[in-house]
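Q: Sequence and predicted structure below; questions after.
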Amino acid sequence: AQEAAITSTSHMSPAVELKDFSKRFGWNRVLRGIDLRVERGTTLALVGPNGAGKTTLLKCLVTLLHPSGGSGSVCGFDLREQTDEIRERVGLVTVRGYIYDDLTAEENLRFTARMCGLDLSDQEYQSALTRVGLDRVADQRVRTFSTGMRKRVVLAQLRLRPLELALLDEPYAGLDRQGMSLVDEFVREFRAAGTTVIIASHQAGEATRSAEQTLILREGKLHPMDHDEAARSHLSAQNLGAEQA
């Protein structure tokens, strides 16, 4: 398997380190012998078509799924043996998010905080919702929200606690231009705080705009992005930036 490394001057243990890592569901091998090292404080774009295994990889990193083979560590903790320690340090944004339709936006944040053992003030919840543009609908049930609004609730959840690793699965899906810009702002803020970020997306132009390095996941295997693919992604990101200006 080919190793994909992100260089860093940090002497700490890497945020992610996988060796010959694999995941299968029955006979279906979704991830195949992945070697990956992501240094702390860096941002990686993981791009690839739907069904390539991006979501499966992120769920393995946050310990929602267990590996079928190989070894791995996240934030210095073993993926098989130290799942509680990893979950304390890692946050995951998914396409639909882990939110409850029968709760309001603010109630979802309060539930998340309670599950994480956080004691936050009313002002902190209000600030989190204001940050994602949902302060005016804080008391509305999430079942009435659009896909983009649900994504904003999930982003607000992610900001409630300090993270060492933020995993963003298709963070631009269902968002308008303003929402996409909000994701980019969050990524910049995470980087400024020293948080490692992995963005998994089939939208290469958007994902690579905020990343220091890009890897492609195809049929369960990692590949470096070649020159032509990098140029196309750069042009796509430039065009999007021009539209937003």
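A: That came in fine, so what should we check first?
Q: Tell me which stretches of this protein form strands.
A: 3-5, 16-25, 28-38, 43-47, 69-74, 77-78, 90-93, 165-169, 196-201, 213-218, 221-224 (DSSP state E).
Q: Any chance of a markdown table for the ones you listed, columns mean neighbour count, distance to Met115 and mean pLDDT?
A: Every residue, glycine included, has its C-beta placed from N, CA and C. As requested, the strands of the chain are exported to a markdown table (neighbours: other C-beta atoms under 10 Å; distance: least, C-beta to C-beta, whole Å; pLDDT from 0 to 100):
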| stretch | mean neighbour count | distance to Met115 | mean pLDDT |
| --- | --- | --- | --- |
| strand 3-5 | 15 | 33 | 45 |
| strand 16-25 | 19 | 24 | 95 |
| strand 28-38 | 19 | 26 | 93 |
| strand 43-47 | 25 | 27 | 94 |
| strand 69-74 | 19 | 19 | 95 |
| strand 77-78 | 16 | 19 | 96 |
| strand 90-93 | 23 | 12 | 92 |
| strand 165-169 | 24 | 17 | 95 |
| strand 196-201 | 26 | 22 | 95 |
| strand 213-218 | 18 | 30 | 92 |
| strand 221-224 | 17 | 32 | 90 |
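Q: Let me have the ones you listed in TSV, extended by distance to Thr147.
A: Formatted as TSV, the strands of the chain follow (distance: least, C-beta to C-beta, whole Å):
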stretch	distance to Thr147
strand 3-5	31
strand 16-25	26
strand 28-38	25
strand 43-47	21
strand 69-74	28
strand 77-78	33
strand 90-93	13
strand 165-169	14
strand 196-201	15
strand 213-218	24
strand 221-224	29
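Q: List just the one of those strands that sits closest to Asp139.
A: Between Asp139 and the strands of the chain, the tightest spacing by C-beta to C-beta is seen for strand 90-93, at 23.1 Å.
Q: Distance from the closest one to the middle of the chain?
A: Mean C-alpha position of strand 90-93 versus that of the full chain (C-alpha atoms, centre = their mean, to the nearest Å) differs by 6 Å.
Q: same question, stretch 128-139
A: Stretch 128-139 sits 21 Å away from the centroid of its parent chain (C-alpha atoms, centre = their mean).
Q: Ok, which of the strands of the chain comes nearest Thr55?
A: Set against Thr55 and scored by C-beta to C-beta, the strands of the chain come closest in strand 165-169, at 5.5 Å.
Q: Against which helices or strands is that closest one packed?
A: With contacts taken as 3 or more C-beta pairs under 8 Å, 6 or more residues apart in numbering; DSSP states H and E, strand 165-169 sits against helix 54-61, strand 90-93, helix 177-192, strand 196-201.
Q: of all the ones you listed, which lies closest to Val154?
A: Using C-beta to C-beta, the nearest of the helices and strands packed on strand 165-169 to Val154 is strand 90-93, at 5.1 Å.
Q: still on that earlier bit, out of the helices and strands packed on strand 165-169, deepest packed?
A: Mean neighbour count (mean count of other C-beta atoms under 10 Å) peaks for strand 196-201 among the helices and strands packed on strand 165-169, with a mean of 26.
Q: strand partners of it, parallel vs antiparallel please.
A: For strand 196-201, the pairing partners within the sheet under DSSP bridges are strand 43-47 (parallel), strand 165-169 (parallel).
Q: Can you lay out the helices and strands packed on strand 165-169 as TSV showing distance to Gly220?
A: Shown next, in TSV, are the helices and strands packed on strand 165-169 (distance: least, C-beta to C-beta, whole Å):
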stretch	distance to Gly220
helix 54-61	8
strand 90-93	20
helix 177-192	26
strand 196-201	14
